[in-house]
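Any chance you can model this:
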Amino acid sequence: MVMSQLRRSFLIVLSGGRRASSTCSQLFQDSDGGVGGLVLRSQSTDVYQNLALEDWIDANVDLQQRHVLLLWRNQPTVVIGRHQNPWTECNLPVMRTAGIPLARRRSGGGTVYHDLGNLNLTFFASKKAYDRRRNLKVVTDALRRLRPQLDVHATDRLDILLNGHYKISGTASRLCRMTSYHHCTLLHSADHSALSNVLRPSCPGILSNATPSVPSPVANLLDHAPSLQWEELVEGLEQQYNTEFGLGAPSALVDPSDESVFPGVGSMAAELRDWDWTFGRTPKFNLDTELQLLDEQTQVRRSARLQMEVKGGRIVSCRLDVAADWLPERLSGVLSDVLLGERFCPYRAAAAASMLLRSESGALHGRLRNLCDTVVTAMG
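Below is the predicted model:
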């Protein structure tokens, strides 16, 4: 009876019903007081909407009474952990050119590349029931049942390896006072070339205590099990989830942008899109790098040094050491000054530098422009 009530509730949602509060209550609560389960498939491929849906479930669902599994995937995206530095983790210029967004999740862990060939699984439970190894057992048992020839196992780092060597799944989690969620990736048919191109540092010379990613050789399931179709994989995972936890969890499609079902989820997504969260929450770091300068008229070359301290994503100290016979100290000092307080961002740095360039003319203008361009490039 409980499961049929849940299915009817989802039919109300998917048919356009607007009974927000009562529908949410019916979706996520069992009438008999026991612990039940629910499997949700997100219809969105927007990373910010999907991460916001994770936050919404964690904040609004009574996870003392329910286990929830969320299955989702994204258009090409790079996702960094809560405590990571994006400038050391990914190639931001390449991502901007390709239109690949960056998202910072609320859990820890390392940087991952997502696309439509990567399946994400989020296991929600009470903090007391938090068990990452058991969650990964759902994945490995499902894969062995679907394709017995696959050699898959979870490591001590709670990754999943294929054939003892290739990483097919990474993992991260978030623990709150009473709740928990654990999410992992599963590479089915991701774009290897895009992954390797974007997961490279943007800026040499950064010194930071941010959590670094640990590079690993990766593989797709499709490389070793060519007949394993996407829908077969998803259904196999849903079935194994129910088997492992002794549930009869119904599966339903959900739209994480639907405020009638998930009130407030839009503001959660907006916060995740914001620069102050994505970049501004980066742990403080220092940049110390050598610059190569060139006078285009005389072809005179010089090296210079750029040193910065960045807190909250903003430049709090800046020092440029440039040979005085190449550019007067007055000009390099003014450039350092105009960058103070700005975001560590090439667009904002370029805008600040352009104001300085408009105030300068004559023979030194070209050298100052070259210095400004080189500093902007050093900021990724």
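
As a check, name the ranges of all helices in the stretch 201-350 of the chain.
Remark: helices assigned in the stretch 201-350 of the chain by DSSP state H, counting those that start in this stretch are 221-224, 230-245, 265-273, 275-278, 329-339, 346-358.

quick one, which of the ones you listed is nearest to Ala98?
With distances scored as CB to CB, the stretch of the helices of the stretch 201-350 of the chain nearest to Ala98 is helix 346-358 (16.2 Å). No exception for glycine: its C-beta is placed from N, CA and C like everyone else's.

List the buried residues of the closest one.
For helix 346-358, the neighbour count (16 or more other CB atoms under 10 Å) marks 346, 348-350, 352-353, 356 as buried.

Turn the residues you listed into TSV, including distance to Thr374 and pLDDT.
Converted to TSV, the buried residues of helix 346-358 look like this (distance: CB to CB, whole Å; pLDDT from 0 to 100):
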residue	distance to Thr374	pLDDT
Pro346	11	93
Arg348	16	88
Ala349	11	89
Ala350	12	91
Ala352	15	86
Ala353	10	86
Leu356	14	84
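
just those now: which is nearest Met178?
Met178 has its nearest neighbour among the buried residues of helix 346-358 in Arg348, at 40.3 Å by CB to CB.

Next, count neighbours for the nearest residue to that closest one once chain neighbours are set aside.
Nearest non-adjacent residue to Arg348, counting by CB to CB, 6 or more residues apart in numbering: Glu342, 4.9 Å away. Residues lying near Glu342 (other CB atoms under 10 Å) number 18.

quick one: pLDDT of Glu342?
Glu342 carries a pLDDT score of 95 in this model.

now swap in Met355 and tell me
82.

ok, what's across the strand from Phe285?
Under the criterion DSSP bridges, Phe285 forms beta bridges with Ser208, Val310.

tell me the SS of the most centrally placed residue in the chain?
Taking CA atoms, centre = their mean, the centroid of the chain lies closest to Val79, which sits 1.6 Å from it. Following DSSP: H, G, I helix; E, B strand; the rest coil, Val79 is assigned to strand.

who touches it in this structure?
Val79 makes contact with 47, 51, 102-105, 111-114 under the criterion CB atoms under 8 Å, 6 or more residues apart in numbering.

so how far is Arg358 from it?
Plainly put, Val79 is 39 Å away from Arg358 if you go by CB to CB, to the nearest Å.

if we can go back for a sec, may I have the beta-bridge partners of the residue nearest to the centre of the chain?
Legend: beta-bridge partners of Val79 under DSSP bridges are Ala103, Val112.

And for His183?
In beta-bridge terms (that is, DSSP bridges), His183 pairs with Thr122, Ala172.

show me the contacts for it.
54, 107, 120-123, 171-173.

Show the pLDDT at it.
His183 is given a pLDDT of 97.

next one: the one 3 residues further on
Per-residue pLDDT puts Leu186 at 98.

Spatially nearest residue to it, not counting backbone neighbours?
Leu119 is the one closest to Leu186 (CB to CB, 6+ apart), at 4.4 Å.

Between helix 230-245 and the helix or strand hosting the one you found, find me the angle.
Using DSSP states H and E, Leu119 sits in strand 118-126. Angle of strand 118-126 versus helix 230-245, following axes from the mean of the first three to the mean of the last three CA atoms, to 10 degrees, is 20 degrees.

and strand 118-126, what does it pack onto?
For strand 118-126, the packing partners by 3 or more CB pairs under 8 Å, 6 or more residues apart in numbering; DSSP states H and E come out as helix 47-60, strand 66-72, helix 132-146, strand 179-187, helix 230-245.

between the ones you listed, which gets nearest to Pro93?
Closest among these, using CB to CB: helix 47-60, at 19.7 Å.

quick one: the closest residue in space to Phe123 that isn't next to it in sequence from Leu175, how far?
Counting by CB to CB, 6+ apart, Phe123 lies nearest to Asn135, which is 4.4 Å off, once chain neighbours are set aside. According to CB to CB, Asn135 and Leu175 sit 14 Å apart.

do the same with Asp159
Shown here: Asp159 relative to Leu175, a distance of 19 Å by CB to CB.

low pLDDT regions in the stretch 1-150 of the chain?
1-35 (pLDDT under 70).

The same query, at a cut-off of 50, please.
Counting by pLDDT under 50, the ranges of the stretch 1-150 of the chain that qualify are 1-25, 30-33.

residues contacting the closest residue in space to Leu53 that isn't next to it in sequence?
Excluding its sequence neighbours, the residue lying closest to Leu53 (CB to CB, 6+ apart) is Pro256, at 3.7 Å. Going by CB under 8 Å, 6+ apart, Pro256 touches 42-44, 46, 49-50, 52-53, 56, 262, 265, 269.

do that again at 10 Å, thanks
Contact analysis of Pro256 by CB atoms under 10 Å, 6 or more residues apart in numbering lists 40, 42-44, 46, 48-54, 56-57, 70, 72, 262, 265-266, 268-269.

Now a PyMOL select for only the buried ones of the residues you listed.
If you want just the buried ones from these in PyMOL, going by 16+ other CB under 10 Å, the selection is:
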select buried, resi 40+42+44+46+48+49+50+51+52+53+54+56+57+70+72+262+265+268+269
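
Please report the distance of Pro215 from Gly110.
Distance from Pro215 to Gly110, counting by CB to CB: 9 Å.

likewise Arg319?
Noted for Arg319: a distance of 32 Å to Gly110, by CB to CB.

Likewise for Thr377?
Counting by CB to CB, the gap from Thr377 to Gly110 is 26 Å.

out of the two, which sits in the more crowded spot?
Gly110 (21 against 14).
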